[in-house]
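Chemist: Kindly return the folded structure for what I paste below:
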Amino acid sequence: MKEKIYTIPVTEAFKEECECPMCLLEKRFEDEMVNYTLGPSLMEPDNRIESNENGFCKKHFELLYNKQENRLGLGLIIDTHMTEWNQKFLNIYNKKAENPSNLGVKGFFSRMAAGGSNASGLVDDFIDALSSYEEKCVICGKLNYTMDRYIDVILYLWFHEEDFQKLFNSKLGFCLKHLKMLLLGAKKYLKPNELSPFVNNLLKMQIENMQRIQEEVNWFTKKFDYQNQDAPWGNSRDAIPRSIQKLVGYSNLKQ
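Modeler: Residues are numbered from 1 along each chain as shown. I've put the predicted structure just below:
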């Protein structure tokens, strides 16, 4: 297989034994983005503008904080991000207030308490702003874009590199999240005559491996029967965490 810089992360992930090689791809890039956000990104104006506007989702704020590195940098990111969104909230309120003015924080809350606003329109505008906020995350945005690029590479390699096709077909399937991404990617990137062979191959793999891991979980439960206490575990000893990954993707489960 001819390695190129954009194929290396894909082939490295697919060479490892796991329930979903795409989970490995996603986790590795996610870790890189967390390190980048707390490091070089802080000194790049374009990145600060993006983090001020978009912020981070709950999961990625947790990863950034739990990294326990560069707490000052994280504080600066949060400070300027909250400053921008506080101003947006004040602007929304002033736009719908009965007597618009440049309210400060104290004026904002005093007028809210007095009920001096166009309540219905104000509620709608705040709901729109909050819905927009919930959809934004710097790391999620980059992660979604990069995973889409990885899928494009996977599909290209499957059809053009026989060694990779064999490697892909030897895997244990994918988590359901990444199965969906592969199916969406297949519709997006493959030609009509390519779609059927790839999808049939993928779904056959997936169904076989979903049945496999269900049987491993089933045997795990049966091992708690005293009649099976001396029977070998087989591959079932860690079936619970692997089955969870198969269903929902990479999870930070206690070992």
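
Chemist: Give me the most central residue, the protein.
Modeler: Nearest to the geometric centre of the chain sits Cys140, at 5.7 Å (C-alpha atoms, centre = their mean).

Chemist: my read: it touches Lys58, true?
Modeler: No: judged on C-beta atoms under 8 Å, Cys140 makes no contact with Lys58 at a distance of 10.6 Å. All C-beta atoms are positioned from the backbone trio N, CA, C, and that covers glycine.

Chemist: still on that earlier bit, can you pull the contacts of the residue nearest to the centre of the chain?
Modeler: By C-beta atoms under 8 Å, 6 or more residues apart in numbering, the residues touching Cys140 are 56-57, 60.

Chemist: Among those, which lie within strands?
Modeler: Using DSSP state E, no member of the contacts of Cys140 falls in strands.

Chemist: which of those residues tops the neighbour count?
Modeler: The most crowded member of these, judged by other C-beta atoms under 10 Å, is Phe56 (23 neighbours).

Chemist: Angles on the backbone of that residue, please.
Modeler: phi -140, psi 150 (degrees, to the nearest 10).

Chemist: Kindly report the same for Ile154.
Modeler: According to degrees, to the nearest 10, Ile154 has phi -60, psi -50.

Chemist: Over to Ile127?
Modeler: According to degrees, to the nearest 10, the main-chain angles of Ile127 amount to phi -60, psi -40.

Chemist: Could you tell me how many residues sit around it?
Modeler: With other C-beta under 10 Å as criterion, Ile127 counts 10.

Chemist: Distance-wise, check it relative to Glu84.
Modeler: Noted for Ile127: a distance of 19 Å to Glu84, by C-beta to C-beta, to the nearest Å.

Chemist: what do you get for Ser51?
Modeler: 10 Å.

Chemist: So for those two, which residue has more residues nearby?
Modeler: Between Ser51 and Glu84, counted using other C-beta under 10 Å, Ser51 has the larger neighbour count: 22 against 14.

Chemist: That one reaches His81, doesn't it?
Modeler: Yes: using C-beta under 8 Å, Ser51 is in contact with His81, at 6.0 Å.

Chemist: Name the residues of the longest helix belonging to the chain that are buried.
Modeler: Scanning the chain for the longest helix, with DSSP state H as the assignment, gives helix 192-222. Using 16 or more other C-beta atoms under 10 Å as the test for burial, helix 192-222 gives 198, 202, 205-206, 209-210, 213, 216-217, 219-220.

Chemist: That one - contacts with which helices or strands?
Modeler: Contacts defined by 3 or more C-beta pairs under 8 Å, 6 or more residues apart in numbering; DSSP states H and E place helix 192-222 against helix 138-160, helix 176-189, helix 239-248.

Chemist: Can you show me the CA trace of the first one as CSV?
Modeler: The C-alpha coordinates for helix 138-160 follow below in CSV (Å, rounded to 0.1, in the frame of the first residue of the first chain):
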residue,chain,number,x,y,z
VAL,A,138,-14.9,24.9,17.8
ILE,A,139,-13.6,21.3,18.3
CYS,A,140,-16.9,19.7,17.1
GLY,A,141,-16.7,21.7,13.9
LYS,A,142,-13.2,20.8,13.1
LEU,A,143,-13.8,17.2,14.2
ASN,A,144,-16.9,16.8,11.9
TYR,A,145,-14.9,18.3,8.9
THR,A,146,-11.9,16.0,9.5
MET,A,147,-13.9,12.9,10.0
ASP,A,148,-15.7,13.6,6.7
ARG,A,149,-12.3,13.9,5.0
TYR,A,150,-11.2,10.6,6.6
ILE,A,151,-14.3,8.9,5.2
ASP,A,152,-13.4,10.2,1.7
VAL,A,153,-9.9,8.7,2.1
ILE,A,154,-11.3,5.4,3.4
LEU,A,155,-13.6,5.0,0.4
TYR,A,156,-10.9,6.0,-2.0
LEU,A,157,-8.5,3.4,-0.5
TRP,A,158,-11.1,0.7,-0.5
PHE,A,159,-11.6,0.9,-4.2
HIS,A,160,-8.0,1.7,-5.2
